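S.K.: here is the input, now give the coordinates:
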Amino acid sequence: MTVTDAAPERLVRIGEVARGAGVSVRAVRYYEQQGLLSAERSPSGQRLYRQDTVTRVRFFQQMYAAGLTSRRIAELLPCWDSGHTDAEQRAMLHAERDRIQAKVDDLQAALDRLDEVISVTDTHP
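M.R.: Below is the predicted model:
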């Protein structure tokens, strides 16, 4: 039986992460400054990230859009990375979910009202 070394993971530059996630390079740097991402450095000093960083950045964007802070996102990362939580983390996750659901409900109510206005104005141009 022959033992083979696993191929090293291909690292990507900051621009590739930004393009793949649909954000600016500045945003990727910000996430790193906030402690949400870590990068290796090439011999010339360029930031190099694991390929799954694009997925992480998309997650950050979703969480920011839902109103979470960098600090709260940092608290979520161990849950996402390990798939395990303690009681305090589960409570935090449920509280954030409830807050986001309330926001969704408010937006749905606003959408329903707009649909009513559109319906009325469509019959009376």
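S.K.: in the chain, what helix or strand scores lowest on average pLDDT?
M.R.: helix 70-82 (a mean of 88; mean pLDDT, DSSP states H and E).
S.K.: other SSEs contacting it?
M.R.: Under the contact definition 3 or more C-beta pairs under 8 Å, 6 or more residues apart in numbering; DSSP states H and E, helix 70-82 sits against helix 53-65, helix 87-123. For every residue, glycine as well, the C-beta is placed using N, CA and C.
S.K.: cutoff 10 Å now
M.R.: Packed against helix 70-82 by the contact rule (3 or more C-beta pairs under 10 Å, 6 or more residues apart in numbering; DSSP states H and E) you find helix 25-33, helix 53-65, helix 87-123.
S.K.: as a markdown table, the ones you listed with mean pLDDT, mean neighbour count and distance to Cys79 would be great.
M.R.: Listed next are the helices and strands packed on helix 70-82 as a markdown table, based on pLDDT from 0 to 100; neighbours: other C-beta atoms under 10 Å; distance: least, C-beta to C-beta, whole Å:
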| stretch | mean pLDDT | mean neighbour count | distance to Cys79 |
| --- | --- | --- | --- |
| helix 25-33 | 95 | 16 | 17 |
| helix 53-65 | 95 | 17 | 12 |
| helix 87-123 | 94 | 11 | 5 |
